[in-house]
Each structure stands twice: as C-alpha cells, then as structure tokens.
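K.L.:
Just need the structure, nothing else, for what follows:
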Amino acid sequence: MTAIEWSDGAPIYRQLKERVVAMLLDGILKPGDALPSVRQVAAEYQLNPITVSRAYQELADEAIVEKRRGLGMYVTEGASEKLLGSERDRFLREEWPLVLERIQRLGLSLDRLLHNATAPNGGQA
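P.N.:
Residues are numbered from 1 along each chain as shown. Below is the predicted model of the structure:
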C-alpha cells in the first residue's frame, strides 16, 4: 500500500477499506493477490489492529476478499467486476445527483461540459 492521509470526515477503517477498493479498481490488486497482514498495515500506518481488522472484515462480508486459514486475506475472483458495479450504483445514487444539481446551478450545458472534458488542459487557454 502507498502513503495514506487520513481525513477527519470518515472513520479510518472506512477510509482504509476505500483505499483497498481503489487499488482493486485501479488494477493494483488483482484476484488471487494477498492483502498485507493486519499487523503489517497496523504497524506501517500506526493504526490499531482492530481498525484494520474491521476494514478487512467489511471487505470479506462483501465477498471482495476471502480469509484463508493460516494464510491471510486474498482478493476473490470477480472482485473487480463486483466492485465496479456497486461503485457505479453508489455513484449514480449518491454522488451524481449532487453533481447534476451543481451543473444546473452553474448553468452549464452538455456541449460545454463535453468540450471541456475533451479539450487539452480542460478547455483552459
């Protein structure tokens, strides 16, 4: 794992879980890969091992990782596809309405948004 800056806006176990999810979606972690041990993550980031265990347990509850007795936690087959679907649903349900509201409040058109998204430097001169 790479350096993490913890935010006060969410519990650390949830931020750690989201970091693992991001690594899966970015292809850094792949099916069959082992997660670092709870002790290793706790020591590296100076966290309580219970915090790390809670993040890992949520991933296991969602069948994103599986515990192999005596070996640790491993990414399950199909984890990326499952996460991609659930993250898309969450985005459309939770984030997109806020983005859409902001777009409408600013009076931005679809043409302007698409132009800025495809123009070099985000359409900035």
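
K.L.:
Tell me the buried residues in stretch 38-52?
P.N.:
Of the residues in stretch 38-52, those buried by neighbour count under the rule 16 or more other CB atoms under 10 Å are 38, 41-42, 45, 47, 51-52. For glycine as for every other residue, the C-beta is placed from the backbone atoms N, C-alpha and C.

K.L.:
Format the residues you listed as JSON lines; extra columns: distance to residue 119 and pLDDT.
P.N.:
Putting the buried residues of stretch 38-52 into JSON lines (distance: CB to CB, whole Å; pLDDT from 0 to 100) gives the following:
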{"residue": "38", "distance to residue 119": "46", "pLDDT": "95"}
{"residue": "41", "distance to residue 119": "41", "pLDDT": "94"}
{"residue": "42", "distance to residue 119": "45", "pLDDT": "95"}
{"residue": "45", "distance to residue 119": "39", "pLDDT": "91"}
{"residue": "47", "distance to residue 119": "42", "pLDDT": "94"}
{"residue": "51", "distance to residue 119": "43", "pLDDT": "96"}
{"residue": "52", "distance to residue 119": "43", "pLDDT": "96"}
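
K.L.:
Among those residues, give me the pair with the biggest separation.
P.N.:
Maximum pairwise distance in the buried residues of stretch 38-52, criterion CB to CB, is 11.3 Å, between 38 and 45.

K.L.:
Assign the closest residue to residue 45 other than its chain neighbours to helix, strand or coil.
P.N.:
Here the nearest residue to residue 45 in space, its sequence neighbours aside, is residue 4; by CB to CB, 6 or more residues apart in numbering that works out to 6.3 Å. With DSSP: H, G, I helix; E, B strand; the rest coil as the basis, the three-state label of residue 4 is coil.
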